[in-house]
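*Asks:* Sequence and predicted structure are below.
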Amino acid sequence: MEADAVCAFELVHPAGKKLPRFSAGAHIDVHMGNGMVRQYSLCNDPQEQHRYVIAVLRTDPSRGGSISMHERVREGDLIEIGKPSNRFALDESAPHSLLLAGGIGITPIICMADRLSRRAVEFEMHYCARSRSRAAFLQRLARAPFARRVTYHFSDAGMLHRLNVEQVLDRQPAGTHLYVCGPSGFVNAALTAARQRGWPERQLHCERFGPIASKPTTAHAFDVQLASTGKVYRVPQHMTVTALLAEHGVKIPTSCGEGVCGTCVTRVIAGEVEHLDCVLTEEQRQRNGHFTPCCSRAKGELLVLDI
């Protein structure tokens, strides 16, 4: 147990072999049976190949993932995972980085801090949590060579200790890249403040542990066409693309079902998308080349998918 309701898991190859390399900000898929897959950020040093470390916050209510990990996984169990994937990568060309972690959002952020420290790159880190008892990895952070770079903000310590994201952003040197991870409200506040100050989108990086409450402007039925077969399917206004295609035997890998994880990202060949996810960047959305079929929809009457 790393903190109240937070459990850490150390994963090693059953035969003692080296594990695939990963980069700071990466995650793995954890397969829990019954078709349930969840993503967890890797939070150990990217230099390590003998293990992966993840930390899981038990949430209530839960969709089954956190409860399964906390109550059913025991030391010595064999579990299936995917290879590391990274949609929250460090830009290692940045002259300075600002790391903001909210709650369990510390998991990819601490990995980034390890990497930046090892490369002797300048950075500043802020860790926000409800209380000290609910903050994971405090002992590890206190022992880290970058300990002096970390500032803690605990909600139960009073308003004076809350993170003033505007002040923090204002004192950053030019060219700083922002990395923020945590609940959607926390992430949105940091990104909004940065954009109001004219920070370029290429310097803003985020990962959320909850969906944005986005809804289609006008919910309507539309068609999806599969490029490989030419078949066209009608998606009702109350149904997602993934659900509709699954009914016809076309299964797109999914996990969160809320546009948070990016597992289902699919290439769009033609048609205009109404993006309702919080995975794709603004640049990716403007190119209109990909979308998340678990939640996003068509603005028009047809989407042609690279399936």
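*Replies:* Good, I have the coordinates.

*Asks:* low-scoring stretches of the stretch 51-200 of the chain, by residue?
*Replies:* Where the stretch 51-200 of the chain drops to pLDDT under 70, the residues are 61-64.

*Asks:* Now with 90, please.
*Replies:* Where the stretch 51-200 of the chain drops to pLDDT under 90, the residues are 59-68, 71-72, 87, 156-162, 183-185.

*Asks:* now the helices for it?
*Replies:* Using DSSP state H, counting those that start in this stretch, the helices assigned to the stretch 51-200 of the chain run over residues 65-72, 106-118, 138-143, 165-170, 184-196.

*Asks:* So if we follow the domain assignment, how does this protein break up?
*Replies:* Structural domains annotated on the chain: 6-81, 96-208, 222-305, as defined by automatic domain parsing.

*Asks:* Quick check: buried residues in the helix or strand that contains Val30?
*Replies:* Counting by DSSP states H and E, the element that carries Val30 is strand 27-31. For strand 27-31, burial by neighbour count (16 or more other C-beta atoms under 10 Å) applies to 27-30. Where you see a C-beta, it was placed from the backbone N, CA and C, and this is true even at glycine.

*Asks:* Can you lay out these as a markdown table showing distance to Cys181 and pLDDT?
*Replies:* Below are these laid out as a markdown table (distance: C-beta to C-beta, whole Å; pLDDT from 0 to 100):
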| residue | distance to Cys181 | pLDDT |
| --- | --- | --- |
| His27 | 11 | 94 |
| Ile28 | 16 | 94 |
| Asp29 | 18 | 90 |
| Val30 | 18 | 92 |
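
*Asks:* Identify, from these, the entry nearest to Val37.
*Replies:* Closest approach between those and Val37, by C-beta to C-beta: Asp29, at 5.1 Å.

*Asks:* Which residue is the nearest non-sequential neighbour of the closest one?
*Replies:* Gly82 (3.5 Å; C-beta to C-beta, 6 or more residues apart in numbering).

*Asks:* Check Ile54 too.
*Replies:* Closest to Ile54 by C-beta to C-beta, 6+ apart is Tyr40, at 3.9 Å.

*Asks:* can you count the residues close to that neighbour?
*Replies:* Neighbour count of Tyr40, defined by other C-beta atoms under 10 Å: 24.

*Asks:* Correct me if wrong: it contacts Ile28.
*Replies:* Yes - if you go by C-beta atoms under 8 Å, Tyr40 and Ile28 touch, sitting 6.3 Å apart.

*Asks:* hang on, the earlier thing: nearest to Val73 among the buried residues of strand 27-31?
*Replies:* Val30 (9.1 Å).

*Asks:* partner residues bridging that closest one?
*Replies:* Arg38, Ile81 (DSSP bridges).

*Asks:* and the gap between it and Met69?
*Replies:* 7 Å (C-beta to C-beta, to the nearest Å).

*Asks:* list residues touching both of those two?
*Replies:* Here Val30 and Met69 have Arg38 as joint contacts, going by C-beta atoms under 8 Å, 6 or more residues apart in numbering.

*Asks:* And for Leu138, the neighbour number?
*Replies:* When neighbours are defined as other C-beta under 10 Å, Leu138 has 17 of them.

*Asks:* does it really touch Arg132, like I thought?
*Replies:* Yes - Leu138 is in contact with Arg132 according to C-beta under 8 Å; the separation is 6.9 Å.

*Asks:* Find residues that contact each of the two.
*Replies:* Contacts common to Leu138 and Arg132, judged by C-beta under 8 Å, 6+ apart, are absent.
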